[in-house]
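1. next input, structure requested:
(chains A and B)
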2 protein chains.
Amino acid sequence: MPQYKAPQNDFTFLLRDWLDIDSHYKALNVDGFDFDLVSEIINQGAKFAEEVVAPLNREGDEQGCRLVDGNVSTPDGFSQAYQEYIANGWNAMLGSPEYDGQDLPYSAAVPIHEMLNSANLSWRLTTMLTESAVLAVSKHATEELKQQYLAKLISGEWTGTMNLTEPHAGTDLALLSTKAEPLEDGAYAITGNKIFITGGDQDWTSNIIHLVLARLPDAPKGVKGISLFLVPKMLIDGTGEPAEKNNLSVGSIEKKMGIKASPTCVMNYDGAKGWLVGEPHNGLACMFTMMNDARFQVGLQGLGTCEASFQGALAYARERLQSRAPQGIQAPQSKADPILGQPDVRKMLLTQKAFTEGCRALSLLYAQQMDVEKYGTDDEQQNAKKVIAFLTPICKGFMTDIAMEVTNLGIQIYGGHGYVREWGMEQLVRDTRIAQLYEGTNGIQAADLIGRKLTRDNGQMLNATMALFKSRIKNISHSQDREKAVSLLNCWQQDSMALLGGKPEDLAGVATDYMYYSAYVILGILWLEMANCAEKMEHKALALGKRKTCDFYINRLLGRKDVHRHVLVVSAEDLLSVADDEFDYS
Amino acid sequence: MPQYKAPQNDFTFLLRDWLDIDSHYKALNVDGFDFDLVSEIINQGAKFAEEVVAPLNREGDEQGCRLVDGNVSTPDGFSQAYQEYIANGWNAMLGSPEYDGQDLPYSAAVPIHEMLNSANLSWRLTTMLTESAVLAVSKHATEELKQQYLAKLISGEWTGTMNLTEPHAGTDLALLSTKAEPLEDGAYAITGNKIFITGGDQDWTSNIIHLVLARLPDAPKGVKGISLFLVPKMLIDGTGEPAEKNNLSVGSIEKKMGIKASPTCVMNYDGAKGWLVGEPHNGLACMFTMMNDARFQVGLQGLGTCEASFQGALAYARERLQSRAPQGIQAPQSKADPILGQPDVRKMLLTQKAFTEGCRALSLLYAQQMDVEKYGTDDEQQNAKKVIAFLTPICKGFMTDIAMEVTNLGIQIYGGHGYVREWGMEQLVRDTRIAQLYEGTNGIQAADLIGRKLTRDNGQMLNATMALFKSRIKNISHSQDREKAVSLLNCWQQDSMALLGGKPEDLAGVATDYMYYSAYVILGILWLEMANCAEKMEHKALALGKRKTCDFYINRLLGRKDVHRHVLVVSAEDLLSVADDEFDYS
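-> From the prediction side, this is the model:
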């Protein structure tokens, strides 16, 4: 596995030229930010990801996490890297200045997130969840809780976790049974078991702030009876410092397929002291504050592993000498040609590249909309909210599903060596596999897209998204490309609108197809845009590379949309009519 | 992970009703075999796979193999299971009666192979390679070598291995450098390093027979200078028993993504004594004797893991209660419905089922052709050879690629629990991943199909395969289904013939697309056949299940063929024109 190198030339192209981030910041009156500053942030982040975080990735997978006397021990070097991370202010990128955060635009932070995911997914997870916790506490906690916890979560002096899942309540949080009983001092005693808690414990910080969903004694049944609580690992004293251990413990660390260096904990709350965040029975809504963000962040995990796998595979394809290329000898001085000369290997690499760079463009477009949601006028904010809501399940679902394909291609290009652990290619597959599952399985994302986002909203979020793409398409200079993009978009819109009013079970049966169809269309439009925009670039390799990858995408990958498109009209009858014993002839 | 249960009702349907194995054996004059006997063999094999081999699978993955003082130690119970396997004659299923083999028709043995793969892929691998070694020795070794080694390889008293790959010679065996120098007694001294040697050592048997590719001193360069040698771990004495250790050793065991209970060894040959098998410089042809068989067997590994994953996912979907089904409440007495009620989950399960049962049908059709090749008239044999040659890369490439999709769906249906090792679903993904790589990567299979099998043979192997399907399609009773199958077949034939004379680089660029297109068409035809044939069955759940799964395949999966079909006309220009620095803008 070669050393990870941040894709800085692509970031430059996408931010400076394609998204024209300078005009974007100016239009939103974001003071003090321009491409030059963002570029400097990316340079520094790249250095940190490449030199500090990436080198820990392979060994972290081998060592994994251990539970020693009830405390989690993370792999060698993980804590030191974290100390450096927070010392340099990376954890505070998105935090409010009121609590010493740096308040960066989202578009400046997302490249950093992507690079950390490429470098070391396990290491990144805990910091990602802290950012999520910051969002929830900022928005919903009392002033007192904010004063006690927020600055330290933003700086990273303490980390945060999200505690939703219980053994019998995963997708269906209505079933959760953790209890919260009022104490005399206004706090609550939290009792119950939570599973799959990322960073439930670690050896990096003096405290860990758990956000826990639980039920009050008088809670209604179902999701409307769930409240959110802040439950610190260590109760703090009058000076705000950790003093006494709360009544909570780590039951075990899950043995998982991948992200082995990230402690996934079973958490036991045995009357642990916690404080209500937000209104009683309104915990799910509080959690949803960070859901768009967390889901998008998981999509970025897919993107990060795509980039890492593509880099590894490309380096290997350049070096590995086997056989001669069918179009003619490529390296006459060697006994064999680099496998990069093989059309099938090039097809695999270009597939990796087309999806990786396409997803990167999508992620930065999404980040730009997050900026609009933050800095825009009321109308702009409302519009951006719709676009973000619509794109979130696509980013989460598609970018992580495609990461499985892309990282598996990375193994395939290495041949048998890809299956051996030391090369790191198989680790990327094992690590990225989780991203299809957590923060709502990708089936749930698809259901969210076709249900809450498309049909229940009667197409309004779709229309806002369409309008964004329509306005962007106008900038495509070549008329043939522009017409192609318009045609893709119009067709997608018509097909989408035809789904409105569909029966819930029919929609559920084609939900993943609609997600894939949407994503393949969006990536097609983004590629047409990028190829046209890149023509202006002085960097000729980038200009030509974007055009050729666009052609490749249109020629060889875009056709996949039709498989999913044609299925949209199929009713759920064929799915629902299969009787239990017809599945396995038992 | 539920206990593995062999899919005996499906075997019965496919062998007795769909392939009409009784008429098949009668037509080939295979004495003493009929469905009843085969069924009894399957019953016994099912018992062994379910009760002896499957229970070792999960713990085998945790324990893995160890190298202790130069000797491989396999997980607990693996050796005992092997002793039972050979004691009951399973290893001898396909061996010649001249050496106490049972000489079963291939169609009787393939269900056993599938079940062993489902039960425990790691455990099965060593026995599979012994069967391959038996083929090579039977066909090419001298009478003296046969007398010394064949009976013990057939009984399983000793196991066999295949030694092809070297660090710098994988796909391209022309680069291999292991040397064979003649000794005075007619034997050879073998010196070199081999990697990825499955079962290179184990603690099951008193000897291991390595088949090793090496170069004689006067060998021409390239693949025409490779010879095959039989190199026993232990040199045998005058009584035929192991006496003295040969000069070979295990350098290390690879740390792999999966099949951890199968020792993948680096083998060092330091002047080890070996004997020539076949003619000098003809080693590759000798290895190709077993290549069709070994590649098909790897395809069966894909099928085996598909079945195991489907069973696990189906059991979980029946038990796991989460949310309500969109078509209405399914289990009013419970707080939530089984997720089997969710259309998206049913779609995932039916996708698993359609591919698993479709691949099983393909595997048994292939096995039937192997019977024809063995027992038929000269003309029949020649024809079967062509069909087998054409179908081999499809079975290997498609059945293992689709196994990645199917086993990943198995994880997905389990949600986060699928990512946790104890459930076994993620192990199936890690284990089956190797099958896309060894015995020639799936890219090599695709190149073999479109190159050696389709175009270089000028379509003759294709035509033999077409003729087989045409004759089978006639039996489809519903005219609409028959016409659909005819149309699929004719279209595939035309598209295939249009590829003849294509430029090598263009063909290489669409090779995997041609493989997928062919496979999706073949499975479509098989499903139409099966649905019609099943109507006659007394087992109503099977009759209805086959029909509904056929509908599902036609409605929702068959459309994938078009993505690949449309790409067949794309020239390699878009692949080859990308310059080195256009890949990564470096």
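2. give me the residue at the spatial middle of chain A.
-> A:V298 (2.1 Å; CA atoms, centre = their mean).
3. all helices of the stretch 51-200 of chain A, in order?
-> A:57-63, A:78-87, A:106-119, A:121-140, A:143-155 (DSSP state H, counting those that start in this stretch).
4. what about the residue nearest to the centre of chain A, which helix or strand?
-> helix A:291-319 (DSSP states H and E).
5. counting by contacts, list what that helix packs against.
-> helix A:106-119, helix A:121-140, helix A:343-375, helix A:378-414, helix A:425-432, helix B:580-584 (3 or more CB pairs under 8 Å, 6 or more residues apart in numbering or on different chains; DSSP states H and E). (Glycine included, C-beta is placed from N, CA and C.)
6. isn't A:E373 right next to A:K385, touching?
-> Yes: A:E373 is within contact range of A:K385, at 5.8 Å (criterion: CB atoms under 8 Å).
7. report the buried residues of the strand ranked longest in chain A.
-> Ranked by residue count under DSSP state E, the longest strand found in chain A is strand A:264-277. Buried residues in strand A:264-277, counted by 16 or more other CB atoms under 10 Å in any protein chain shown: A:264-269, A:272-277.
8. that strand packs against which elements?
-> helix A:121-140, strand A:188-198, strand A:208-214, strand A:227-232, strand A:248-253.
9. just to revisit the earlier point, check what pLDDT the residue nearest to the centre of chain A gets.
-> The per-residue pLDDT reported for A:V298 equals 98.
10. ok, it - contacts?
-> A:396, A:400, A:435, A:438-439 (CB atoms under 8 Å, 6 or more residues apart in numbering or on different chains).
11. now A:F296: how far from chain B?
-> Distance of A:F296 to chain B, computed by CB to the nearest CB, to the nearest Å: 19 Å.
12. as a markdown table, the helices and strands packed on helix A:291-319 with mean pLDDT would be great.
-> A markdown table is the format used below for the helices and strands packed on helix A:291-319 (pLDDT from 0 to 100):
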| stretch | mean pLDDT |
| --- | --- |
| helix A:106-119 | 98 |
| helix A:121-140 | 96 |
| helix A:343-375 | 98 |
| helix A:378-414 | 98 |
| helix A:425-432 | 98 |
| helix B:580-584 | 97 |
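13. out of those, flag the one nearest B:K474.
-> helix A:343-375 (36.7 Å; CB to CB).
14. which among the helices of the stretch 51-200 of chain A is found nearest to B:T127?
-> Once these are compared by CB to CB, helix A:57-63 is nearest, at 30.6 Å.
15. packing partners of the closest one?
-> Counting by 3+ CB pairs under 8 Å, 6+ apart, the packing neighbours recorded for helix A:57-63 are helix A:121-140, helix A:425-432.
16. what residues does it touch?
-> Taking CB under 8 Å, 6+ apart as the rule, helix A:57-63 contacts A:1, A:74-78, A:119-123, A:258, A:260-261, A:421-422, A:424, A:427, A:431.
17. among those, which are within reach of chain B?
-> Among those, the ones lying near chain B by CB under 8 Å from any CB of the partner chain are A:258, A:421-422.
18. which of those residues tops the neighbour count?
-> Comparing the ones next to chain B among the contacts of helix A:57-63 by number of neighbours (other CB atoms under 10 Å in any protein chain shown), A:G258 comes first, having 24 neighbours.
19. ok so that residue is a helix residue?
-> No: read with DSSP: H, G, I helix; E, B strand; the rest coil, A:G258 is coil and lies in no helix.
20. not counting residues beside it along the chain, what's closest to it?
-> Excluding its sequence neighbours, the residue lying closest to A:G258 (CB to CB, 6 or more residues apart in numbering or on different chains) is A:R430, at 3.0 Å.
21. what of A:P504?
-> Distance criterion CB to CB, 6+ apart; nearest residue to A:P504, sequence neighbours excluded, is B:P326 at 3.8 Å.
22. neighbours of that neighbour, how many?
-> Applying other CB under 10 Å, I find that B:P326 has 22 neighbouring residues.
23. that one and A:I450: what is the separation?
-> B:P326 is 11 Å from A:I450, where distance means CB to CB, to the nearest Å.
24. got any residues that touch both of the two?
-> A:507-508.
25. give me the number of residues near A:P55?
-> Residues near A:P55, counting by other CB under 10 Å: 16.
26. with A:N29 instead?
-> 8.
27. okay, now the unreliable bits of chain A?
-> Across chain A, the ranges flagged by pLDDT under 70 are A:1.
28. can you list the domain ranges for chain A.
-> A:8-140, A:158-281, A:290-567 (automatic domain parsing).
29. how about the ones you listed, which one is nearest B:D100?
-> domain A:290-567 (34.9 Å).
30. between the two ends of that closest one, what distance do you get?
-> Terminal residues of domain A:290-567 lie 33 Å apart, using CA to CA, to the nearest Å.
31. so how far is B:M530 from A:L576?
-> 21 Å.
32. and stretch A:185-205, end to end?
-> With CA to CA as the measure, the ends of stretch A:185-205 fall 27 Å from one another.
33. check whether that stretch contacts chain B.
-> Yes: using CB under 8 Å from any CB, stretch A:185-205 reaches chain B at A:195-196.
34. identify each buried residue in that stretch, please.
-> For stretch A:185-205, burial by neighbour count (16+ other CB under 10 Å) applies to A:187-202, A:204-205.
35. residue contacts, A:E439?
-> Neighbouring residues of A:E439 by CB under 8 Å, 6+ apart: A:291, A:294-295, A:298, A:396.
36. contacts for stretch A:502-518 next, please.
-> Residues beyond stretch A:502-518 that count as contacts (CB under 8 Å, 6+ apart) turn out to be A:393-394, A:397-398, A:401, A:442-443, A:445-447, A:449-451, A:454-455, A:492, A:495-496, A:499, A:560-561, A:563-565, A:567-568, A:570-572, A:575-576, B:325-327, B:342-344, B:346-347.
37. can you list the residues of the stretch 451-586 of chain A near chain B?
-> Residues of the stretch 451-586 of chain A lying near chain B (CB under 8 Å from any CB): A:504-509, A:511-512, A:539, A:541-542, A:544-545, A:548-549, A:551-552, A:555-556, A:559-560, A:562-563, A:566-567, A:570, A:572, A:574-586.
38. thinking A:S107 is in contact with A:D371, fair?
-> Yes: applying CB under 8 Å, one finds A:S107 in contact with A:D371, separated by 5.3 Å.
39. no more questions from me, cheers.
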